[in-house]
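Chemist: Below is the sequence, then the predicted model.
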Protein chains: 2
Amino acid sequence: MSARNALYLQSGGMTAVINASACGVIETARRHPSKIGRMLAARHGTLGLLREELFDTGTLGRGELIGMRQTPGGVFGSCRFDLDEPEANPEQYRRLFAVLEAHDIGFLFLNGGNGSMQTALQIARAAEARAWPLQVIGIPKTVDNDIVEADCCPGYGSAIKYLASSVREASIDMASMSSRRGRVFVLEVMGRNAGWLAAGCGLAADGPDAAPQLILVPEVAFDEAAFGSALHRCVERIGWCTVVVAEGVRGADGRPLSQVSSEGRYVQLGGAGAVVSRIVQERFGFKVHCAVTDYLQRSARHLASATDDAQAYAVGAAAVEAAVGGAHCVTTAVQRVSSSPYCWQVGEVALARVANFERRLPESFIRADGLHVTGAFVEWARPLIAGESVPAFIDGLPRYWSPRLAPVPAMLPAHEPRPAGPKAKPSD
Amino acid sequence: MSARNALYLQSGGMTAVINASACGVIETARRHPSKIGRMLAARHGTLGLLREELFDTGTLGRGELIGMRQTPGGVFGSCRFDLDEPEANPEQYRRLFAVLEAHDIGFLFLNGGNGSMQTALQIARAAEARAWPLQVIGIPKTVDNDIVEADCCPGYGSAIKYLASSVREASIDMASMSSRRGRVFVLEVMGRNAGWLAAGCGLAADGPDAAPQLILVPEVAFDEAAFGSALHRCVERIGWCTVVVAEGVRGADGRPLSQVSSEGRYVQLGGAGAVVSRIVQERFGFKVHCAVTDYLQRSARHLASATDDAQAYAVGAAAVEAAVGGAHCVTTAVQRVSSSPYCWQVGEVALARVANFERRLPESFIRADGLHVTGAFVEWARPLIAGESVPAFIDGLPRYWSPRLAPVPAMLPAHEPRPAGPKAKPSD
């Protein structure tokens, strides 16, 4: 059988190291010219696939791949677009397979999170239903770290390296300003349903009274009295307190502390930090500062984890090796071989076991009072932030680079996908 | 005349490199044992002086000074405490000079911003009025860059290196998500009266359409129509827009867009980013994300500017040399010798020419439409962020260190300073 082409998609929210996965895919595919012909990439993920907006990565030189690998965001563009079910929108699937056929795509690599794994599964099943020869392979990526059946997700290590560093630095600043009364620093981090990012801030706490002193995660219902009591005890003991708040923290009634807007199909959350800050200031009478890192926490490539970067590359490379070896309908996944010394490998997991599931913090990672992480979490998370993968600096700033590739000429009529139906998703 | 002791104070809001100034003071004083005896430091600045909470820095070894220099925040503690005028509170000055006398302080080094320079001037004049032999020297420090009679202020370069890097990274992330409609990223930065920090974000814009596309500074009244029109043009052209907002941006009526709280003596501003985000979303209909870096922007030692670090050390070292040379009632200041190649030196300026003045962005640094900086600003600011001063990383996080020094035994009765009267100050 002659070589067939491959298509690589970036999907969902970005990370600081997703382009390392792209490099892993592109460079590994080049080692298998007898199996994989051209390695194409879609502009803005699934949307680019449906629009037939494709690039040929074959023109990228080695130096360009180095520049691309150290750049945050998705160099080919991403999107939040869920496919409909085939029976609800057969036209969408006809179009999708028409594009795949026009470009002789035999391998589809989808680099994304839970929702994207569902998209990969939908395409894989639709291909099977049509008996269309297509190998679909997922490549994990999410700062949320909420993909099941993996030890950790590429993107997460860099995000928590940045967040824990920031918590440590801001807290040192605040502590040095705490000459008189209680001061409180609130940091809002991402995490709609799972507290992995908030928990990761706990890595900054290198002593019993080190910041952050309190961590609020969505897995634990916010209890104002318990929070206030812990806050007061902390301020009494050391004069100040740093509180990390996941954006998705909920009250006892299950409703988010704050919900910024819900427009279209995704619910964009935010403001939990502001709500907690108001409580700290107005009800408890402390002076409060609040920071919201938003996009910064998932794009801070200047402080990326070398371990995370290596894992992101490896899950991309392994996806191509798996495809060449005949795998289909699986995702690659980082697996832990041992914690001390930290040793990891990339395995394969069936897409059906991953798609649209969500991994939340296990109880063993949450302190008994629900206001911090456990030693078990720290032991698990610490290796993920090891090593600094520093980008090139020019004129005092990190230098980033995204390819400006000429699009592959379209072979089909123009087509604009209609947005899929409403569905709650993390903010992007 | 035999050697007399010296006292070093950290004052006002912190920076990522203020401890480099402390190291410059301590290490330089050690070279002049015939003039300067013990180098003491007050705990929490002026408050520690009044409380007689002093440390002897003589026990700090070379390795400890290295660890201290790469640590953000003020290792000896700072405060926001303004002295009253002598006639309004003679008791305060009696106490202050009693402490100076008890510890034979002949040199006072005050490391701070505009307000702290005023404190230095008050002490210097009171000393003169009493004919008390005291040399008072200011050492500049502020991320706000608003001290007059200097080319730039130590602390500013590191803050804008961090902010410009963050703007660049977050904007790349957002651009890769912009598959469909207009997206807007709003970053709120510090700056109550002066737009230096917001302007510094302009360094990230390395092309005509590069982020940030819009910069709102307090020097220019916020004009919603002009802003909306520029925003729409930008989104039409490139699909998205990054907007930097100084916390102190004001409307045409001179009132801040948002004022979080005014408790006690300082007005704590904030929320300008949230207000602009609401306008962008509700009136202009764009999808918006908003980040507020707050303390992070002035404590991000992991991304400090090597130039800034060197200047912070130099203004501390030069202050001691000036004192040893007989200077009194001056502050050191970074002066520019040439822009290309960038060449700087440390000069001396009379405290009276600096105290409580405030330097705002000159017109030549603000683009004609008031929504960005000029090439002249970029040319001026770029050298300030040159070079990376990277702290040690251990276990994946920057390792910081603050001395835990034994206090110098008090020789006077305990004393708790009463807070000075209300006065508006930047948020801390």
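Modeler: It's in.

Chemist: Can you show me the helices along the stretch 201-350 of chain A?
Modeler: Shown for the stretch 201-350 of chain A, the helices assigned by DSSP state H, counting those that start in this stretch span residues A:224-238, A:272-278, A:296-299, A:306-324.

Chemist: for the stretch 1-150 of chain A, same thing?
Modeler: A:18-29, A:45-51, A:62-69, A:90-102, A:114-130.

Chemist: Report all helices and strands that the first one contacts.
Modeler: Counting contacts by 3 or more C-beta pairs under 8 Å, 6 or more residues apart in numbering or on different chains; DSSP states H and E, helix A:18-29 is packed against strand A:4-10, strand A:36-42, helix A:62-69, strand A:105-112, helix A:306-324. From N, CA and C alone the C-beta is placed, and that goes for glycine too.

Chemist: if we look at it, which residues are touching it?
Modeler: With contacts defined as C-beta atoms under 8 Å, 6 or more residues apart in numbering or on different chains, helix A:18-29 is touched by A:6, A:8, A:10, A:36, A:39, A:41, A:57, A:60, A:65, A:68-76, A:109, A:111, A:139, A:141, A:154-155, A:309-310, A:312-321.

Chemist: And for the shortest one?
Modeler: The set of residues that contact helix A:45-51 without belonging to it, under C-beta under 8 Å, 6+ apart, is A:7, A:9-12, A:42-43, A:53-54, A:74, A:76-79, A:81, A:83, A:92, A:95-96, A:99-100, A:112, A:116, A:119, A:414-417, B:179-180.

Chemist: what about 6 Å?
Modeler: Helix A:45-51 has contacts (C-beta atoms under 6 Å, 6 or more residues apart in numbering or on different chains) with A:9-11, A:42, A:78-79, A:81, A:95, A:99, A:417, B:179.

Chemist: Narrow the residues you listed to those that are buried.
Modeler: Among the contacts of helix A:45-51, those scoring as buried are A:9-11, A:42, A:78-79, A:81, A:95, A:99, A:417, B:179 (criterion: 16 or more other C-beta atoms under 10 Å in any protein chain shown).

Chemist: and A:V354, what pLDDT?
Modeler: For A:V354, the model assigns a pLDDT of 96.

Chemist: Skipping adjacent residues, who's closest to it in space?
Modeler: A:M117 (4.8 Å; C-beta to C-beta, 6 or more residues apart in numbering or on different chains).

Chemist: Does that neighbour touch A:N356 like I think?
Modeler: No. The pair A:M117 / A:N356 is not scored as a contact, 7.1 Å apart, by C-beta atoms under 6 Å.

Chemist: Give me the more crowded residue out of the two.
Modeler: Set side by side, A:M117 and A:N356 show more neighbours around A:M117, with 28 against 14, by other C-beta atoms under 10 Å in any protein chain shown.

Chemist: now that one: how far from A:T28?
Modeler: For A:M117, the distance to A:T28 (C-beta to C-beta, to the nearest Å) stands at 20 Å.

Chemist: A:G239 too?
Modeler: 53 Å.

Chemist: out of these two, which sits in the more crowded spot?
Modeler: When neighbours are counted by other C-beta under 10 Å, A:G239 and A:T28 differ, and A:T28 comes out ahead with 21 against 15.
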